[in-house]
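>>> here's a sequence, model it:
(chains A, B, C and D)
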2 protein chains.
Amino acid sequence: MTSSRRPTVNEVAERAGVSIASVSRVLNGKGARAETERLVREAAAALGYIPDATGRSLKLGRGLQVAFAVDDVANPVYTEMMRGVEDGLRDAGQQRSGAADGPRLVVASVGHELEDLIALISSLSRGFADGLVISPLRTSPALVTALLEAPVPVVVVGNPGDKVPIDTVRTDSGRGVKLAFGHLADGGRQRIAFVNGPSETAPGRARLHGFESAAEGPQGGLAGAVVEASAFTVEAGEEAWARLAALPARRRPDAVVAANDLLAFGVLRAAVSAGRQVPRDLAVVGIDDTEYARIYNPSLTSVSLGAVRRGTLAAGLLLDRMQQPSRAPRTRRVNPRLVIRESSAPRSVRR
Amino acid sequence: MTSSRRPTVNEVAERAGVSIASVSRVLNGKGARAETERLVREAAAALGYIPDATGRSLKLGRGLQVAFAVDDVANPVYTEMMRGVEDGLRDAGQQRSGAADGPRLVVASVGHELEDLIALISSLSRGFADGLVISPLRTSPALVTALLEAPVPVVVVGNPGDKVPIDTVRTDSGRGVKLAFGHLADGGRQRIAFVNGPSETAPGRARLHGFESAAEGPQGGLAGAVVEASAFTVEAGEEAWARLAALPARRRPDAVVAANDLLAFGVLRAAVSAGRQVPRDLAVVGIDDTEYARIYNPSLTSVSLGAVRRGTLAAGLLLDRMQQPSRAPRTRRVNPRLVIRESSAPRSVRR
DNA sequence: TTGTAGGCGTTATCAT
DNA sequence: ATGATAACGCCTACAA
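Got it, this is the predicted structure:
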């Protein structure tokens, strides 16, 4: 099945009757006599020659792969972000280098363990990836250290900690939570609960602050219970709903803001299974505006954090830094945007 | 930000006061005097030395990465399959080589174009990946050729064509369709439509055959319209429902088998939006038993094709072939399994 | 314009 | 047991 061996520049050169230097030049568009060019291209085609990426990167000191490390490939928000990174790589790569296309994107799915991510970053070496985009849930001094000493440029989507001199793409998810809260309050909801993910994560902390600050605002009296789910997953959302449902009747919420769409789906699934009517008995708002938000029944009101856009911006920052490793770190921002759907229809309105 | 430069064996050797050969030996566990070993390890640790993957693969003629090429990263079935591949790589890698862990998995998201996939396969080179798992929707003689001449071992999840001598992991998705059809017929449904994906794809063809053969069976009189969606996506499912709804009343289905879960969600979304009650007015069964099938409202009955298991099996086949490139091609099979949920509750039963 | 030669970081052979 | 040295495939001064 596998052909015996890959042809090398040497064999192409021999067959074309030229030197390996000419082969390399022709194949890299460095200019050569028309006749030489023809000879080389013919020989390469005949042999099915494909440059060995290893040899090339070894010589060049860089390859053409960019990695995207994700905590949870099953979360659609990351696949959307990934699409954004891909787009950004392709477009910018084309625009910048005029080359056929930008670097190839590989996705490294690291586990949920922070250590795994740190190991990935510091093991990052030429030949695996020449740039990295990460969107870590958790952070720690060790991670920051690894980031700063990373062997290749790294762009963080999220907040790695204040004043860390590194390129980042950020969004104010706390403000997103306030948007959701205000929307539910405007819709006549009386007791609005917040289902957060783990508060020791960066997004968990930011979103909790958002809820707390909403609770201090003019409509703050409507703020209900805060429940911390064990993860940003559907299962954890179901479990969180069980805890809300166990509350004494007068504290039981008529609306829930969930810290992401997966948690929201969990709450919806569990609440509907328990016989709640959504949005009549219970309104639900998620965060991320995942593809499934539109599809769910009822469709889910959600706060878009611009996952695709954030991916694209991250790719741009990364390419810039790969070109100029010493430039000053930059931060790009994306604004949250509320997308209203069925799951949060105002209490007063009959469907 | 990026530290000046990565340390190399030379620097470790110099600092340890030994030769680079000793460094290499120690770090690869080839045995050395205890004192030498200590010296090398200390120097390596002090310098934060990490072997350069590029240099290593260049010398070794192979790296330690496996790629997984997917048509549509947004389809949860592929993220599940990917999890299976990861597991298989890790477990088997550990078991076989006794090494810390198996090869690293990278995901190459190729576009929907067959050409892109072919380009990926033939451009596959050392330094990018040393093995590949693909699950292509479409196939063609050109793809088969590329597969057979691929520079690295390839395992196909799916059916690349009959008698193609290549390792494959298969499942009889046609039988899955028959399972779904039979289930709906048993539940008292009178007119069962089939929403297929593009019939020029391998799964589209197999699933259509499954439906046709069900239509010839004992309950075949219940077989209704066949609609071919433009893709295996939610949007295409919504559009397909529109076409079913436009049918004259007596041909309108009271049940739908969809060729995958995304199509099923599209049908559900569109039907529910149009005021249909599921499962009272309309029963729906999907294929793939995606994570969202359990979560949807109503939860979706679906035929599991064992995505995770298929991924694991593919990883095993790949590792075997990487070890023995010339062994005979093998095929592993996974059986479809019906998972019954709310969306297909029998007509007669009141909820 | 073309060819020769050196070296990127690693491992493995062959002396010592 | 250890060290010097030669590759692996590629690109690119430098020389011709």
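>>> for A:Val155, helix, strand, or coil?
Assigned by DSSP: H, G, I helix; E, B strand; the rest coil, the conformation of A:Val155 is strand.
>>> all helices of the stretch 51-200 of chain A, in order?
Secondary structure of the stretch 51-200 of chain A by DSSP state H, counting those that start in this stretch: the helices cover A:53-60, A:76-97, A:114-123, A:141-148, A:173-186.
>>> wait, which of these is closest to DNA strand D?
Across these, DNA strand D has its closest neighbour in helix A:53-60 (2.8 Å, Cβ to the nearest atom of the strand). Glycine gets a C-beta too; all of them are placed from N, C-alpha and C.
>>> for that closest one, which positions count as buried?
A:53-58 (16 or more other Cβ atoms under 10 Å in any protein chain shown).
>>> go on, stretch A:267-276?
Neighbour-count burial for stretch A:267-276 [16+ other Cβ under 10 Å]: A:267-272, A:276.
>>> what of stretch A:237-248?
For stretch A:237-248, the neighbour count (16+ other Cβ under 10 Å) marks A:237-241, A:244 as buried.
>>> A:Asn335 and A:Asp172 touch, don't they?
Yes: between A:Asn335 and A:Asp172 a contact is recorded at 7.4 Å, counting by Cβ atoms under 8 Å.
>>> the two - which one has more neighbours?
A:Asp172 (17 against 13; other Cβ atoms under 10 Å in any protein chain shown).
>>> for the stretch 251-351 of chain A, what spans make up the strands?
A:255-258, A:283-287, A:301-304, A:331-334, A:337-339 (DSSP state E, counting those that start in this stretch).
>>> pairing partners for the second one, with directions?
If I follow you right, that is strand A:283-287. strand A:255-258 (parallel), strand A:301-304 (parallel) (DSSP bridges).
>>> flag every residue of chain A that's near DNA strand D.
A:5-6, A:8-10, A:20-21, A:24-25, A:27-28, A:30, A:51-52, A:54-56, A:58-60 (Cβ under 7 Å from any atom of the strand).
>>> swap the cut-off to 10 Å and go again
With Cβ under 10 Å from any atom of the strand as the criterion, chain A meets DNA strand D at residues A:5-13, A:19-30, A:49-61.
>>> any of those buried? List them.
With neighbours counted by 16+ other Cβ under 10 Å, the residues of chain A next to DNA strand D contain buried members at A:6-9, A:11-13, A:22-27, A:49, A:51-58.
>>> among the residues you listed, which are within reach of chain B?
Filtering these for neighbours of chain B using Cβ under 8 Å from any Cβ of the partner chain leaves A:6, A:51-58.
>>> which ones among those also lie next to DNA strand C?
Among those, the residues lying close to DNA strand C (Cβ under 10 Å from any atom of the strand) are A:54-58.
>>> from those residues, pick the one nearest chain B.
A:Thr54 (3.3 Å; Cβ to the nearest Cβ).
>>> if I look at that closest one, how far off is B:Leu179?
In this view, A:Thr54 and B:Leu179 are 47 Å apart by Cβ to Cβ, to the nearest Å.
>>> just for chain A, where's the confidence low?
A:1-5, A:62-63, A:92-102, A:110-112, A:123, A:125-127, A:348-351 (pLDDT under 70).
>>> what parts of it come near DNA strand C?
Selection of chain A residues close to DNA strand C by Cβ under 10 Å from any atom of the strand yields A:9, A:13, A:16-26, A:30-40, A:54-61, A:125-127.
>>> give the contact list for the residue nearest to A:Val226 when sequence neighbours are not counted.
Leaving aside its chain neighbours, A:Val226 sits nearest to A:Phe194 (4.8 Å; criterion: Cβ to Cβ, 6 or more residues apart in numbering or on different chains). Neighbouring residues of A:Phe194 by Cβ atoms under 8 Å, 6 or more residues apart in numbering or on different chains: A:177, A:181, A:207-208, A:211, A:223-227, A:256-259.
>>> could you redo the last one with a cut-off of 7 Å?
Listed by Cβ atoms under 7 Å, 6 or more residues apart in numbering or on different chains, the contact set of A:Phe194 reads A:211, A:226, A:257.
>>> check which helix or strand covers the second one.
For A:Val226, the host element (DSSP states H and E) is strand A:223-228.
>>> that strand to helix A:173-186, inter-axis angle?
140 degrees (axes from the mean of the first three to the mean of the last three Cα atoms, to 10 degrees).
>>> what comes up buried for strand A:223-228?
By 16+ other Cβ under 10 Å, the buried positions in strand A:223-228 come out as A:223-225, A:227-228.
>>> before we move on, back to that, which of the strands paired with strand A:283-287 sits closest to A:Asp289?
Minimum separation from A:Asp289 across those (Cβ to Cβ) falls at strand A:301-304, 3.6 Å.
>>> what residues of the closest one count as buried?
A:301-304.
>>> kindly export that strand (C-alpha atoms) in CSV.
What follows is strand A:301-304, C-alpha atoms only, in CSV (Å, rounded to 0.1, in the frame of the first residue of the first chain):
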residue,chain,number,x,y,z
THR,A,301,-32.4,33.4,23.8
SER,A,302,-28.7,33.8,24.2
VAL,A,303,-25.9,36.3,24.4
SER,A,304,-23.5,36.1,21.5
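>>> all set, thanks.
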